[in-house]
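S.K.: Predicted model and sequence follow; I will ask about them next.
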Amino acid sequence: MMKRVIWLISGLNRRMMKLLFALALIAYIASVWGTYTNMRSIQEHGEMKIEQRIDEAVAPLREKIRDLEQSFSQKYPPVKFLSEKDRKRILITGGAGFVGSHLTDKLMMDGHEVTVVDNFFTGRKRNVEHWIGHENFELINHDVVEPLYIEVDQIYHLASPASPPNYMYNPIKTLKTNTIGTLNMLGLAKRVGARLLLASTSEVYGDPEVHPQNEEYWGHVNPIGPRACYDEGKRVAETMCYAYMKQEGVEVRVARIFNTFGSRMHMNDGRVVSNFILQALQGEPLTVYGSGAQTRAFQYVSDLVNGLVLLMNSNISSPVNLGNPEEHTILEFARLIKSLVVSRSQIQFLPEAQDDPQRRRPDIRKAKMLLGWEPVGW
Ligand SMILES: O=c1ccn([C@@H]2O[C@H](COP(=O)(O)OP(=O)(O)O[C@H]3OC[C@@H](O)[C@H](O)[C@H]3O)[C@@H](O)[C@H]2O)c(=O)[nH]1
């Protein structure tokens, strides 16, 4: 009996022990789970706080980005919509230069796709920066002395330094640009079937013996003088155009550009208009080379750009003068600029520049008759 009782008690004890052990285990698991969930909630709370702080810090940045995005989409000058059939793919070599950048503006605003190629020797990114990012615009840092492989319908070949101090600074480079560069662009025109317009110059007439200069005149150029790198470079560039036209059937247009002025001429350009304006504004002497009796006629850049576009889209393959026929002496220009700026500057006479053309005035009857173009001034 006693044994049975002891066995019962010990049996009960074993069950109790098991029960107690199970309860202890559950209590332990519950406490571990409790601590875990507690820690998680603290962590989640912390994370929420951090996220909130990040949100607070980023909010003004997000606003700035939104403002910037809005300003990006509004910053371009207005561009016409052209249908696929009318929209052309146009390459402008030297498109970041003085004339090139104004031409870029016109063709972009007319709704075309414009690719500007420039080596930034005299051109400046600033001149076309207002188009950067526009879907119709592309800017390529490239020297035309190297071949270029792109698909285009029209090529305005303007790449070359144009101011006498600039083109004389590195005559070999000027020659390479106007010879190899022009060959490369004519090769491109031939490959892709594009029409090419060459920006030639009144300098092909040299120091002219015919006045005013018409397109029939062959010119009077010193082939070994300091200006020859540009004058002869442009003359042979014209020769190349007509060789490609005759031999390869390339469509060419040749604009003989006379003296031009306007915005985006660089302060250090060295040509007479920018020199005189800068000198007059700074109260420095206006530097007249020689007696000042040599003559020029100046057209405003917007007139020139209109003429270039008209010529490109015409059927005139022979050279066309683009310039303003209103001729004045350089001394008259010096006096005019001095009075317009209301400057106290003196006029200083410096030695005459070698081979400086003495008289220059375009005969623009051809442009008037065939393009309906004449300068309207500024
Ligand atoms: O400070 C100056 C600068 C120039 N000049 C004179 O002003 C006249 C015009 O000189 P520019 O340098 O402006 O231009 P140029 O007419 O000599 O050459 C220009 O011709 C036509 C274009 O193709 C080119 O842009 C450029 O070569 C020249 O007689 C020159 O000697 C001055 O008297 N003072």
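M.R.: Received, thanks.
S.K.: low-confidence ranges in the stretch 51-200 of the chain?
M.R.: 71-74 (pLDDT under 70).
S.K.: where along it do the strands fall?
M.R.: 89-93, 113-118, 137-141, 154-157, 195-201 (DSSP state E, counting those that start in this stretch).
S.K.: Let's see the helix or strand following the last one as CSV, backbone CA atoms only.
M.R.: Put plainly, it is strand 195-201. Later in the chain than strand 195-201, the nearest helix or strand by DSSP states H and E is helix 228-248. Only the C-alpha atoms of helix 228-248 are listed here, as CSV (Å, rounded to 0.1, in the frame of the first residue of the first chain):
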residue,chain,number,x,y,z
ALA,A,228,47.5,84.1,-98.8
CYS,A,229,46.7,81.3,-96.3
TYR,A,230,43.1,82.6,-96.2
ASP,A,231,42.7,84.1,-99.6
GLU,A,232,44.3,81.2,-101.5
GLY,A,233,42.8,78.7,-99.1
LYS,A,234,39.3,80.0,-99.9
ARG,A,235,40.1,80.2,-103.7
VAL,A,236,41.2,76.5,-103.8
ALA,A,237,38.2,75.6,-101.6
GLU,A,238,36.0,77.1,-104.4
THR,A,239,38.0,75.1,-107.0
MET,A,240,37.4,71.9,-105.0
CYS,A,241,33.6,72.6,-104.9
TYR,A,242,33.4,72.9,-108.7
ALA,A,243,35.6,69.8,-109.2
TYR,A,244,33.3,67.8,-107.0
MET,A,245,30.3,69.2,-108.8
LYS,A,246,31.6,68.4,-112.3
GLN,A,247,33.3,65.0,-111.5
GLU,A,248,31.0,63.6,-108.8
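S.K.: could you check the angle strand 195-201 makes with helix 228-248?
M.R.: Angle, helix 228-248 to strand 195-201, by axes from the mean of the first three to the mean of the last three Cα atoms, to 10 degrees: 150 degrees.
S.K.: any residues touching the helix or strand just after helix 228-248, and which ones?
M.R.: Counting by DSSP H and E, the next helix or strand C-terminal to helix 228-248 is strand 252-257. Here strand 252-257 makes contact (Cβ atoms under 8 Å, 6 or more residues apart in numbering) with 99, 186, 189, 195-202, 204-205, 215, 238, 241-242, 244-245, 304, 307-308, 311-312, 314, 316-323, 362. Where you see a C-beta, it was placed from the backbone N, CA and C, and this is true even at glycine.
S.K.: so which of those are also by the ligand?
M.R.: Thr201, Ser202 (Cβ under 6 Å from any ligand atom).
S.K.: Mind giving me the ChimeraX command for buried ones among the contacts of strand 252-257?
M.R.: To isolate the buried members of these in ChimeraX, using 16 or more other Cβ atoms under 10 Å:
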select :99,186,189,195,196,197,198,199,200,201,202,204,205,215,238,241,244,245,304,307,308,311,312,319,320,321,322,323,362
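S.K.: can you tell which of the strands of the stretch 51-200 of the chain is closest to Arg124?
M.R.: Proximity to Arg124, assessed across the strands of the stretch 51-200 of the chain by Cβ to Cβ, is greatest for strand 113-118 (8.5 Å).
S.K.: gap between the closest one and the chain center?
M.R.: In this view, strand 113-118 has its centroid 7 Å away from the chain centroid, taken as Cα atoms, centre = their mean, to the nearest Å.
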